[in-house]
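Q: Quick check, what structure comes out for this input:
(one chain, ligands or ions: 1)
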Amino acid sequence: MSDETLSNLLKEDRRFEPPAELAADANLTEEAYARAEADREGFWAEQADRLSWDTRWERVLDWDNPPFAKWFVGGKLNAAYNCVDRHVEAGNGDKVAFHFVGEPVDDKQTITYAELKDLVSQAANTLTDLGVQTGDRVAIYMPMIPEAVVAMLACARIGAPHTVVFGGFSSDALASRLEDCQAKVVVTSDGGYRRGAPSPLKPAVDEAVVKAADLGHTVEKVLVVRRTGQDLGADGWDSDIDVWWHESVEQASTEHACEFFDAEHPLYVMYTSGTTGKPKGILHTTGGYLTGAAYTHWAVFDLKPETDVYWCTADIGWVTGHSYIVYGPLANGTTQVLYEGTPDSPERGRWWDIIEEYGVTLFYTAPTAIRSFMKQGREIPDARDLSSLRLLGSVGEPINPEAYVWYRHVIGGDRTPVVDTWWQTETGSIMISPLPGVTHGKPGSAMTPIPGVAADVVTEEGESVGPGNGGYLVLTEPWPAMLRTIWGDDERFKDTYWSKYRDQGWYFAGDGAKLDTDGDLWVLGRVDDVMNVSGHRLSTTEIESALVSHPKVAEAAVVGAKDEDTGQAVCAFVILRDEAGDGGDDIVEELRAHVRTQIGPIAKPRQIMVVPELPKTRSGKIMRRLLRDVAENREVGDVTTLADSSVMDLISKGVSSGAGGE
Ligand code: WTA
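A: You can find the predicted model right below:
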């Protein structure tokens, strides 16, 4: 982010006080900060007591061997029992867990906690029948349907870590994840509904199973939900490995006695982009993670489980769906909306219709969605009754002050606080956010670490920058929902997050941030080669590798350029191989389609520029800063460290004459 945007941001002086009514009855009050500060472990132990433990822990935190933490040492619990059974046992079996809204209008289903318990037990029995044992990995590749949540909880129930792969990823991306975590079983569906039409999923799983086999890994079974009923084709079903959900799960017993697992038993692996091409399998374990998710969902959203109707629009294929659709809200016994489709199908007001219909009180979404609604105009939400809303949340990328104010004003009717929540796949739960009954809102700022969390903004050398200055965001104390490692790669785990501030023992988040003169925190975005497109993390290297795997491409460099709609957009510069000539008329489309099949539609470059050279330093490093200048149509900056300074002229000329652009 440029200095100019930064100083504009910090001129922001609008302030919104917490609503008096909310403040008077807030779940967490001011005193929690000091209490947590005075006895951090005691505070987290208190939060762990939100859960039902089969065996109580002996020690809150074992940090004897950093960065490998153990939380609630010796404790035993079952995550699914905590999310489902205990609510039924407490007499809340009739309470609605999910109001499911399918994309086809009128496709609605209500699932109570008692029904959820039966479904999860059935699915647990089926997974066991399919040979899944405690510790085995199960991949889930599904649309946003209740069975996806059921599958996750069934895995948790039998202690088989799940890895949910976003349904928008390609079969290649799925295959590499199946191989990396050695998934024994895949749960999927024939398809899902997307913009009014059935969109297939099962064929991608079939391809991925073959590709995983090429990589040396055998998937044993594929469990398939019939969602759309679409034709799978003659080759679309292999009765040796494919099993229908309705012929197995729906026929299984609803009785399932759950086992209790160690607090540090792996709960799931979530793949996310890093600075190298290979996605990182972020490992979360059971007790600490569930504690973090439940506590933050209760505190940051000021959850009143008896009366609130909560809706998080994230996909369960991302960490937000894990922590704030599945584990946090269900551990808290929340009633929520689960929506399958896109915001504008069949028409632009769909989300607001859903809020009105179910009386949603707490709403959690991403800035990219808010910006797209701003663009469509306020008439659409204004035509609906959104008066049930009492709190709004934002996550995934910095929220621009204008979007924040629009969100609060148009969607929240100026009544609702907006909680801008900063966290990551790695942190597992929200780390930095206002508390809605305590902190005033400042558009664009995530404000301060929540009680229990310790963060700072520091220099390269590890000095606190202090109010008014910018630097690197670090977390200075361990927290229960922290990642435990990168699946199968402890070294990469240490290297990526803990080596920059090894002496201090701090976690390096990879984000830049600034403290304003009040000491409130502004997250500015990534400082490494990770982009944030519509709130989704993508690695520049991963996309470069995809481009280079195309036979016509010799070299590629990818940068994230500022984009009004998506926050950042993928811009690629490629050098073609000599034998490819000028690549042909359709080269740009061909390469975009190639990235789409290699990774998925979210990674498809907005722009591809065919260039004769790439700007490199004398040591051969690509100077992305200069490419970003080109991609953002800026005057190209300092080129003195370039090996050949005429390269930028060549590139800029090519771009301005439109050669190879879109
Ligand atoms: C960015 C999503 C500013 C940040 C939960 C982080 C944010 C990355 C915010 C993690 C926010 C997330 N303000 N930036 N409120 N929330 N980010 O792993 O760059 O998909 O490092 O987790 O998103 O993305 P991830």
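Q: need the contact list for the residue of the stretch 101-250 of the chain found nearest the ligand.
A: Nearest to the ligand, among the residues of the stretch 101-250 of the chain, is F166, at 10.6 Å (CB to the nearest ligand atom). For the C-beta atoms, the positions are set from N, CA and C on the backbone; glycine is no exception. When contacts are counted by CB atoms under 8 Å, 6 or more residues apart in numbering, F166 is found next to 315, 317-318, 600.
Q: Just the pLDDT at the closest residue to V453 other than its chain neighbours, thanks.
A: Ranked by CB to CB, 6 or more residues apart in numbering and with sequence neighbours excluded, the top spatial neighbour of V453 is M431, at 4.9 Å. Here, the pLDDT recorded for M431 equals 98.
Q: M431 against P449, yeah?
A: Yes. Between M431 and P449 there is a contact under CB atoms under 8 Å: 6.2 Å.
Q: The longest helix anywhere in the chain: which residues count as buried?
A: Secondary structure of the chain per DSSP state H: the longest helix is helix 113-129. Neighbour-count burial for helix 113-129, counted by 16 or more other CB atoms under 10 Å, picks out 113-128.
Q: How about stretch 516-529?
A: Applying 16+ other CB under 10 Å to stretch 516-529 flags 516, 520-526, 529 as buried.
Q: Can I get those in TSV including secondary structure, distance to the ligand and pLDDT?
A: As requested, the buried residues of stretch 516-529 are exported to TSV (DSSP: H, G, I helix; E, B strand; the rest coil; distance: CB to the nearest ligand atom, whole Å; pLDDT from 0 to 100):
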residue	secondary structure	distance to the ligand	pLDDT
D516	coil	15	94
D520	coil	13	96
L521	strand	9	96
W522	strand	9	95
V523	strand	4	94
L524	strand	8	90
G525	strand	6	87
R526	strand	5	88
D529	coil	13	84
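Q: Which of these sits closest to T29?
A: Nearest to T29, judged by CB to CB, of the buried residues of stretch 516-529 is D520 at 18.9 Å.
Q: what helix or strand is the nearest residue to G317 once chain neighbours are set aside on?
A: Nearest residue to G317 in three dimensions, chain neighbours excluded: F166, at 2.9 Å (CB to CB, 6+ apart). Taking DSSP states H and E as the definition, F166 sits outside all helices and strands.
Q: before we move on, what about K375?
A: Using DSSP H and E, the element containing K375 is helix 367-376.
Q: Next up, the contacts around the closest residue to T285 other than its chain neighbours.
A: Leaving aside its chain neighbours, T285 sits nearest to E264 (4.7 Å; criterion: CB to CB, 6+ apart). Counting by CB under 8 Å, 6+ apart, E264 makes contact with 70-71, 73, 285-288, 484.
Q: On the three-state scheme, E264 is what?
A: At E264 the chain is in coil, as set by DSSP: H, G, I helix; E, B strand; the rest coil.
Q: residue contacts, T275?
A: Applying CB under 8 Å, 6+ apart, the residues near T275 are 496, 528-530, 539-541.
Q: In strands only, show me those residues.
A: 530, 539 (DSSP state E).
Q: Any chance of a PyMOL selection covering the buried ones in the contacts of T275?
A: Burial among these is assessed by 16+ other CB under 10 Å; the matching PyMOL selection reads:
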select buried, resi 496+529+530+539+540+541
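Q: The ligand: which of the contacts of T275 is nearest?
A: Closest to the ligand, out of all of the contacts of T275 and judged by CB to the nearest ligand atom, is V530, at 7.5 Å.
Q: Just grab the bridge partners of that closest one for me.
A: Note on V530: beta-bridge partners by DSSP bridges are S539.
Q: about what we covered before: so which of the contacts of F166 reach the ligand?
A: Subset of the contacts of F166 in contact with the ligand: W318, counting by CB under 6 Å from any ligand atom.
Q: nearest to E589, of the contacts of F166?
A: Nearest to E589 among the contacts of F166, with distances taken as CB to CB, is G600, at 16.9 Å.
Q: count of neighbours near the closest one?
A: G600: 22 surrounding residues under other CB atoms under 10 Å.
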